[in-house]
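Colleague: Just a sequence and a predicted model for now, questions to come.
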Amino acid sequence: METVQGFASEWPQYLWSMSWQVAVLAAFVWVVSLLCRRASPSFRYWLWMVVLLRLCLPVHIGVSLGIGDEVRLAAEHTATTVLYEPVIATILQPHPVSSPAASNLTAAAESPHDFPWHTLVAWAWLAPAAGFAMLVLYRRYRVQGLLRACAPVTRPELIALLLECARRLGVRGQIGLVTLPESRGGGPAVIGVWRPTIVLPPSMANTWDIEDLEPILLHELAHVRRNDLLINVLQIVLQTVYFFHPVIWYANARIRHERELACDDLAVLHSGGRQRRYGRSMLRVIEETQVTAPALWVSGAGITERRNSLSGRILRMTEKTYRAHKPLGRLSLAALAVVALLGIAIAGENAVQASAPLEKAKAEMMGRVEDFFLHNFRDVTSRKSLEWGDVTADDKGNSSIRYKYQASIWDKQTKIMNQVFTFDAKGEFVAVKDEKGFPQDVVKQAADTSTKDGLQALVEDFFSKNFRDITARKSIEWGEPTKGDAGNVSIRYKYEATIWDKDKIVQDKVFTFNANGEFVSVEDAQPAK
C-alpha cells in the first residue's frame with residue numbers, strides 16, 4: 001500500500017517536470033531543424049530522436065546553464081530537511097512541564113484537510129494510459145491474426161529478388177515474404193521486430209514486374225537495416241505514457257516522416273541511383289492501394305504509412321538538388337551531440353525555473369512547521385520525518401501543509417502522527433489538526449540481543465535518536481555478536497557517515513547493549529594509539 005501511495009505522490013511531479021523539459025527541448029529541436037532543413041533526412045531523424053531519448057533518461061539528468069536560483073532553492077530546501085530537525089533533537093530534551101501552547105492546540109481552529117490531488121492526478125493519468133495500452137495490445141493481436149491469414153510468396157523470381165536486395169543492404173537473418181488475403185486491403189509493409197516479414201498485396205506480388213517490385217522491397221528492407229521497427233515500439237511505449245502531451249505526438253510524427261525519407265534515400269542508393277524508377281513504383285502504389293496497412297503503427301512500418309506525404313516524397317526525388325543516402329559523418333555526429341547536450345541543458349534550466357515557485361512555497365511551509373516545533377510539542381523528545389504533503393490554500397489566504405512523522409513521547413511512547421499545519425498569509429500559526437485515523441501507536445517490540453539481526457536493529461534504533469550530525473549513512477560491514485561481562489552483548493559496525501551533508505568519514509564502532517536491549521556504550525573498534 002505504501003508503494004502505491006508513493007507512486008501516487010511522486011508520479012505526477014515526475015510527469016510535470018519531464019513534460020516541461022520535453023516541451024522546451026522540442027521547441028529547441030524544432031528551431032534547429034528549420035536551420036538544418038537542407039541536411040539529410042537521417043540527420044533530421046536523429047535530431048528529433050533526441051526528444052524521445054530524453055524521455056528515457058532520469059528526470060534530473062539535465063545540467064542547468066545558470067545555477068544561481070537552483071542552488072538557492074536547494075539551500076532553502078536543505079535547511080528545512082537537514083538543519084532544523086537535528087537542532088530540534090538537541091534542544092528538545094525531556095521536561096516535566098508541558099508547553100501551554102501545546103496544551104491549547106486542541107482548542108485551535110480546524111484547518112482544511114490536505115486534498116490528495118496527486119492521487120487524483122495519478123488515477124487520471126493511469127486510466128487513459130491503461131486504455132491506450134489495451135488498444136495497442138488489441139491491434140497487435142489483430143496484426144498477428146492477419147499474419148496467420150497471409151499466404152507465403154511462392155513466385156521464384158520474387159524470392160530471389162528479396163535475397164538479392166537483402167544482400168545489397170547488408171540485412172542478415174531470415175526475412176519473411178507473404179501476401180495479404182484477397183479480402184483485405186493494404187499497401188506493402190514490413191511487420192515484426194524479431195522476425196521481420198514483408199507483406200505485399202496479392203496483385204502486387206503476382207502481377208508486377210520484378211523491375212517495379214525491386215524499389216518496394218529495398219524500401220521495406222531499409223526499415224529492417226535501420227532498426228526502425230524497434231524504434232517504433234519505443235515510440236508507442238512513450239506515446240502511451242505521455243498520451244496527454246501534444247509535443248510527443250508531434251515529435252513522433254516528425255520521426256516517422258524523416259524515417260520514410262531516409263528509407264527512400266537508402267533504397268534509391270542501393271538501386272543504383274535510379275530515383276525516377278523508384279518514383280514510378282511509388283506512384284503505382286498510390287494508384288493501386290486504397291488504404292494503408294492495418295495497425296502498422298503498433299508493430300511495423302510501410303511505404304504507405306504516411307500516404308498523404310507520398311506525392312511530396314516523389315517530387316523530392318525529381319529535384320536537381322536531390323542526393324541519395326549518405327552515412328552521417330563525424331561532423332554531423334558531433335553536431336547532433338552538441339544539439340542534444342545543449343538542448344537538454346536548456347530544457348533542464350527552464351524546468352527548474354518553472355517548478356521553482358512550487359518548490360519555494362513548500363520549502364517555506366516546511367520551515368514554518370519546523371520553527372513551530374522549536375517552540376511547541378515539548379513532549380516530543382525525538383522525531384523522524386516520514387512524508388511531507390503539498391501546499392494547499394483556502395479562501396481566507398491561509399496556507400496548509402500535511403506532515404507525517406514518527407514521534408517519541410518523553411522517550412517512552414512512539415506514535416505515528418499525521419497532521420495538517422495551517423499558517424496565515426503573514427506566516428503566523430493558525431491551527432494544527434490530526435488527519436483521520438491518527439495518531440497511531442507504534443508498539444515497541446521486545447529487544448532481541450541473541451541474534452545478529454536483533455543487535456543490528458538496536459544499533460539502527462540508537463542512530464534514530466542520536467548522532468544527529470550524521471545526515472546520511474552507508475553501511476560497510478557488520479561484525480559478529482560477542483558476549484561480555486554482566487550479560488552485555490556487543491557488535492562491531494563499520495559505516496561511512498556524512499556529517500551535515502558535507503564531510504564524509506569512515507567510522508568503525510563497537511556498540512554494547514545489556515541483556516534487556518538497553519544501550520550501554522559505543523567505542524571505537526580500534527582505539528587511537
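Modeller: Done, it's in.
Colleague: Strands of the stretch 51-200 of the chain, residue ranges please.
Modeller: Assigned by DSSP state E, counting those that start in this stretch, the stretch 51-200 of the chain shows strands spanning 151-152, 176-179, 189-191, 197-200.
Colleague: How about the stretch 401-529 of the chain?
Modeller: Under DSSP E, counting those that start in this stretch, the stretch 401-529 of the chain gives strands at 413-423, 429-434, 440-442, 470-478, 482-483, 489-499, 503-513, 519-524.
Colleague: Identify whichever of the ones you listed lies nearest to residue 200.
Modeller: Among the strands of the stretch 401-529 of the chain, the nearest to residue 200 by CB to CB is strand 470-478 (60.3 Å). C-beta: built from backbone N, CA, C; applies to glycine.
Colleague: So what's the model's average confidence on that closest one?
Modeller: Strand 470-478 carries an average pLDDT of 89.
Colleague: Report all helices and strands that it contacts.
Modeller: Counting contacts by 3 or more CB pairs under 8 Å, 6 or more residues apart in numbering; DSSP states H and E, strand 470-478 packs against helix 452-465, strand 489-499.
Colleague: Note down every partner strand of that strand and its orientation.
Modeller: As defined by DSSP bridges, the strand partners of strand 470-478 come to strand 489-499 (antiparallel).
Colleague: any idea of the angle the partner strand forms with strand 519-524?
Modeller: Between the axes of strand 489-499 and strand 519-524, defined by axes from the mean of the first three to the mean of the last three CA atoms, to 10 degrees, the angle is 60 degrees.
Colleague: So residue 244: helix, strand or coil?
Modeller: coil (DSSP: H, G, I helix; E, B strand; the rest coil).
Colleague: Could you give the separation of stretch 217-235 from the chain centroid?
Modeller: Put simply, stretch 217-235 sits 25 Å off its chain's centre (CA atoms, centre = their mean, to the nearest Å).
Colleague: and it, how far apart are its ends?
Modeller: End-to-end span of stretch 217-235 (CA to CA, to the nearest Å): 24 Å.
Colleague: in that stretch, what counts as buried?
Modeller: By neighbour count with 16 or more other CB atoms under 10 Å, stretch 217-235 contains the buried residues 217-226, 228-229, 231-232, 235.
Colleague: rewinding a little: residue 261 is nearest to which of the strands of the stretch 51-200 of the chain?
Modeller: Per CB to CB, nearest to residue 261 of those: strand 189-191, 16.7 Å.
Colleague: Quick check: can you name the pairing partners of the closest one and their directions?
Modeller: strand 197-200 (antiparallel), strand 300-302 (antiparallel).
Colleague: Lowest average pLDDT across those strands?
Modeller: When the strands paired with strand 189-191 are compared by mean pLDDT, strand 300-302 comes last with a mean of 56.
Colleague: For residue 390, grab phi and psi.
Modeller: Residue 390 adopts backbone torsions of phi -100, psi 160, taken as degrees, to the nearest 10.
Colleague: any chance of the strands of the stretch 401-529 of the chain in TSV, with mean neighbour count and distance to residue 28 too?
Modeller: TSV is the format used below for the strands of the stretch 401-529 of the chain (neighbours: other CB atoms under 10 Å; distance: least, CB to CB, whole Å):
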stretch	mean neighbour count	distance to residue 28
strand 413-423	19	40
strand 429-434	18	45
strand 440-442	11	49
strand 470-478	13	36
strand 482-483	12	62
strand 489-499	18	37
strand 503-513	15	38
strand 519-524	12	55
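Colleague: how about those strands in a markdown table, adding distance to residue 373?
Modeller: A markdown table is the format used below for the strands of the stretch 401-529 of the chain (distance: least, CB to CB, whole Å):
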| stretch | distance to residue 373 |
| --- | --- |
| strand 413-423 | 10 |
| strand 429-434 | 11 |
| strand 440-442 | 19 |
| strand 470-478 | 18 |
| strand 482-483 | 39 |
| strand 489-499 | 23 |
| strand 503-513 | 27 |
| strand 519-524 | 25 |
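Colleague: Which of the ones you listed has the lowest mean pLDDT?
Modeller: strand 440-442 (a mean of 85).
Colleague: List the pairing partners of it within its sheet, with orientation.
Modeller: Within its sheet, and counting by DSSP bridges, strand 440-442 is paired with strand 413-423 (antiparallel).
Colleague: returning to that earlier point: who wins for proximity to residue 19 among the helices and strands packed on strand 470-478?
Modeller: With respect to residue 19, and counting by CB to CB, the nearest of the helices and strands packed on strand 470-478 is strand 489-499 at 32.9 Å.
Colleague: returning to what we had before: highest mean neighbour count across the strands of the stretch 51-200 of the chain, which stretch is it?
Modeller: Burial of the strands of the stretch 51-200 of the chain is given as mean neighbour count (mean count of other CB atoms under 10 Å); strand 189-191 ranks first at a mean of 26.
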